[in-house]
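Participant: Turn this into a model:
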Amino acid sequence: MPTGSSKRRLTAGAALVVATALTASACGGDSDGEGNGKGAGYNAGIGKVANKSTKKGGTLRFVAKQDLDSADPQRAYFGMTWDFMRYYTRTLVTYDTKPGAASNKLVPDMATSTAKISNGGKTYTYTLRDGLTWEDGSKLTSKDIKYGIERIWATKVITGGPAYLQKALDPKREYKGPYEDKTEDKLGLDAIKTPDDKTIVFNLAKPNGDFEYMLAMPSGSPVKASKDTGAKYTQRPFSSGPYKFKEYKANQKIELVRNTEWKKSSDPVRPALPDRITVSISKNLEENDKRLMAGDYDIDMNGTGMTQSGRTTAFQKHKDSVDNMETDFVRYVALVTKAKPFDDIHCRKAVFYATDFAGLQKTRGGKVAAGDIATSVFPKAIKGHDDAYDPYGIRKRAGKPDLAKAKDELKKCGKPGGFSTKLTARNDQTGEVEAATALQEQLKKVGINAQIATFSGADSSNLTGSPAVTKKRGYGMVMTGWGPDFPTGQGFGQPLWDSRFIAENGNYNEAQISDPKIDKLFDDAIGTTDLNKAGDLYKKLNKRILDDAVWMPFLYEKNITWRSPRTTNVYSAAAYSGRYDYVSLGVNDKK
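Facilitator: Predicted structure coming up:
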């Protein structure tokens, strides 16, 4: 990504407008969703459904500042992509279509029920529903599901997606993936059995209480072997859901139309209300907000909130179409432990003490628009979250820096005059470049000179997600955000902190943490079925990461989010980190 910076800030006046609007009742909007220009009311999509409707037809229009990281279900890792994928991919189990925390419940999708678990928690058996089909009308079988999952192993071709299923089923990576599979049907993974077309059996290496959450991710989706084009599959996935691709131009637009071979009788989850779904991709964030409010688009697909100017205008003129979403995202800076001088704990601690957390919060919009200052590595909804543990005194100082301690830590790491490094930020993520610029200015006060390197978020897996590229480009600090893959400590933290998840590409352990004690804490927590015991272990993990100063959380994120008055069945789903549940949306234009 090109290097650059911006110093746009939320002014006091703009912050006051937003804060004032948030405290207003703002609930007088129209609730019939019939395109009369009025929304359903402020926060009408939080904890409940805004504009309930069963009406079919019309075009649902998304806008996005950033493309899908991949349309290939085994390669995708962005939360908004997983949310969008349910239009054209299905899984054995999926998340319930209900608002808020109720969405975290797993329900049957392609399977007739959740798993039948046996063998001491190591064997999961599913029976498929009748009527499962591909977009060409052919029958979808258990072998298609097995083949799709096997693609996760083909890391020379299929890069970027989560590795949970591979770790659970074949931790030694003895299987090499379907492209190197010497069996006739390319279904040689022993850990998955398909005794017939309607039965699939998973045999885990050891018990894992989160296994069904792993199957609910798109990486558990089927792929028809005859339609698999390897690395090019992202250009035209083959649909098992109610919609199929009519057009996909990367970084420009997406158009989905009805998959006429999909049978509603086989799918209790997806209402499939719109006839057509479009996505327009534009990096002009402020223009995107303007066009949302003008009625040209309905929903921001990225779901990361409006810009400063957008949210100010929304609260002044359209507050009935706004939701203030509490997400499960944590904004953080990973300190690359393999990059000098961050191989020294004291240089890392200097960053913690020199950072003005309150300043970063203000830069991103303040407590209301951006969220609370973070001091735990886990989001609030995850067992293991522990704001009481604050080794750097961030809460005691109300988020303000301690420059004296920062300078003392610099002396301890042999850099009393400071040092130079590179700080990355994604230029298509609202507020990230601004926050990086603010952090740059803060660190300068103790002599740490951080050059900002910006790039598109779609390139993250090949840049900050590649340890080799990180080393070559001299990245020392990676600013980004993360939401849980599923709602447990494993589902949030394992890709970020477990050394066994470090990958050549698509690596999300950006700090390159390699700590056997952290790995063991994950193993112990994953191996217990006692949620409270697991939570206590994750609290120990939280302490370990903070004490080692390798991963610096700074914000529990909230978003100001737009929903158009014509959009129906709109609700925030915890399963998608507070985004709207896209698969339930419809449109209802007044004729």
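Participant: Strands of the stretch 1-150 of the chain, residue ranges please.
Facilitator: Taking DSSP state E, counting those that start in this stretch, the strands of the stretch 1-150 of the chain run over residues 59-64, 93-95, 106-108, 116-118, 123-127.
Participant: isn't residue 85 right up against residue 219?
Facilitator: No - under the criterion of Cβ atoms under 8 Å, residue 85 is not in contact with residue 219, lying 10.3 Å apart. Where C-beta positions appear, they are placed from N, C-alpha and C, glycine not excepted.
Participant: quick one, which of these two is more surrounded?
Facilitator: Neighbour count, other Cβ atoms under 10 Å: between residue 85 and residue 219, residue 219 has more, with 28 against 25.
Participant: most neighbours per residue, which of the strands of the stretch 1-150 of the chain?
Facilitator: strand 93-95 (a mean of 24; mean count of other Cβ atoms under 10 Å).
Participant: tell me how far the ends of stretch 471-480 are from each other?
Facilitator: Stretch 471-480 has its terminal residues 18 Å apart, counting by Cα to Cα, to the nearest Å.
Participant: check contacts around residue 456.
Facilitator: By Cβ atoms under 8 Å, 6 or more residues apart in numbering, residue 456 lies in contact with 1, 66, 426-428.
Participant: Where do the helices of the stretch 451-591 of the chain begin and end?
Facilitator: Secondary structure of the stretch 451-591 of the chain (DSSP state H, counting those that start in this stretch): helices at 467-473, 489-497, 516-526, 531-547.
Participant: in this protein, which residue is closest to the centre?
Facilitator: The geometric centre of the chain, computed from its C-alpha atoms, lies nearest to residue 79 (Cα atoms, centre = their mean), at 3.0 Å.
Participant: So that one versus residue 516, what's the distance?
Facilitator: Going from residue 79 to residue 516 by Cβ to Cβ, to the nearest Å gives 30 Å.
Participant: I'd assumed residue 62 was in contact with residue 278.
Facilitator: Yes - if you go by Cβ under 8 Å, residue 278 and residue 62 touch, sitting 6.7 Å apart.
Participant: Can you name the element that comes right after the top strand by length along the chain?
Facilitator: Counting by DSSP state E, the longest strand found in the chain is strand 322-335. Under the assignment DSSP states H and E, the closest C-terminal helix or strand after strand 322-335 is helix 345-354.
Participant: and the angle from that next one to strand 322-335?
Facilitator: 150 degrees (axes from the mean of the first three to the mean of the last three Cα atoms, to 10 degrees).
Participant: what is the mean pLDDT for the next helix or strand after helix 345-354?
Facilitator: Per DSSP H and E, the first helix or strand lying C-terminal to helix 345-354 is helix 357-363. Throughout helix 357-363, pLDDT has a mean value of 97.
Participant: ok, and what's touching helix 357-363?
Facilitator: Residues outside helix 357-363 that contact it (Cβ under 8 Å, 6+ apart): 9-10, 331, 367, 370-374, 394, 398-401, 431, 434-435, 438-439, 442, 554-555.
Participant: Buried among those? Make that a PyMOL selection.
Facilitator: In PyMOL syntax, the buried subset of the contacts of helix 357-363 is picked out as below (16 or more other Cβ atoms under 10 Å):
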select buried, resi 9+10+331+370+371+373+374+394+399+401+431+434+435+438+439+442+554+555
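Participant: Let's see the pLDDT reported for residue 123.
Facilitator: Looking at residue 123, its pLDDT stands at 97.
Participant: likewise residue 38?
Facilitator: Predicted confidence (pLDDT) for residue 38: 81.
Participant: What separation do you get for it and residue 319?
Facilitator: Distance from residue 38 to residue 319, counting by Cβ to Cβ: 10 Å.
Participant: More neighbours: these two, which one.
Facilitator: Each of residue 38 and residue 319 has its neighbours counted (other Cβ under 10 Å); residue 319 has more, 21 against 17.
Participant: what stretches of this structure score poorly on pLDDT?
Facilitator: Along the chain, segments meeting pLDDT under 70 span 1-37, 590-591.
Participant: how's the protein carved up into domains?
Facilitator: Annotated domains of the chain cover 12-68+239-324+563-587, 79-234, 326-558 [automatic domain parsing].
Participant: Residue 247: helix or strand, and which one exactly?
Facilitator: Using DSSP H and E, residue 247 sits in strand 243-249.
Participant: That strand: which residues count as buried?
Facilitator: By neighbour count, with 16+ other Cβ under 10 Å as the criterion, the buried positions of strand 243-249 are 243-245, 248.
Participant: can you pull out the helices in the stretch 251-400 of the chain?
Facilitator: Counting by DSSP H, counting those that start in this stretch, the stretch 251-400 of the chain has helices at residues 285-294, 308-317, 345-354, 357-363, 366-370.
Participant: Quick check: which of the ones you listed is nearest to residue 408?
Facilitator: helix 345-354 (8.2 Å; Cβ to Cβ).
Participant: what's the closest one packed up against?
Facilitator: For helix 345-354, the elements it packs on are strand 322-335, helix 403-412, helix 432-444, strand 448-455, judged by 3 or more Cβ pairs under 8 Å, 6 or more residues apart in numbering; DSSP states H and E.
Participant: now do 10 Å
Facilitator: The contact analysis (3 or more Cβ pairs under 10 Å, 6 or more residues apart in numbering; DSSP states H and E) places helix 345-354 against strand 322-335, helix 403-412, strand 419-426, helix 432-444, strand 448-455, strand 475-482, helix 531-547, strand 551-562.
Participant: Can you give the strand pairings for the fifth one, parallel or anti for each?
Facilitator: Strands flanking strand 448-455 in the sheet, each with its direction: strand 419-426 (parallel) (DSSP bridges).
Participant: in the partner strand, what counts as buried?
Facilitator: Buried, per 16+ other Cβ under 10 Å, within strand 419-426: 419, 421-426.
Participant: Ok, stretch 198-205 next?
Facilitator: Within stretch 198-205, judged by 16+ other Cβ under 10 Å, the buried ones are 198, 200-202, 204.
Participant: So which of those sit within strands?
Facilitator: Using DSSP E, those in strands are 200-202.
Participant: Let me know the closest of those residues to residue 153.
Facilitator: Using Cβ to Cβ, residue 202 is the member of those that lies nearest residue 153, at 14.3 Å.
Participant: gap between the nearest residue to the closest one once chain neighbours are set aside and residue 575?
Facilitator: Distances taken as Cβ to Cβ, 6 or more residues apart in numbering place residue 124 nearest to residue 202, at 4.4 Å, with adjacent residues excluded. According to Cβ to Cβ, residue 124 stands 20 Å off from residue 575.
Participant: can you pull out the helices in the stretch 1-150 of the chain?
Facilitator: 12-23, 79-85, 142-150.
Participant: Quick one: residues contacting the residue nearest to residue 451 when sequence neighbours are not counted.
Facilitator: Among residues not flanking residue 451 along the chain, residue 422 sits closest, at 5.0 Å (Cβ to Cβ, 6+ apart). Residue 422 makes contacts with 3, 336, 339, 449-453, 470, 473-478, as judged by Cβ atoms under 10 Å, 6 or more residues apart in numbering.
Participant: Residue 368 contacts residue 322, doesn't it?
Facilitator: No - in this structure, residue 368 is not within contact of residue 322 by Cβ atoms under 10 Å, at 11.8 Å.
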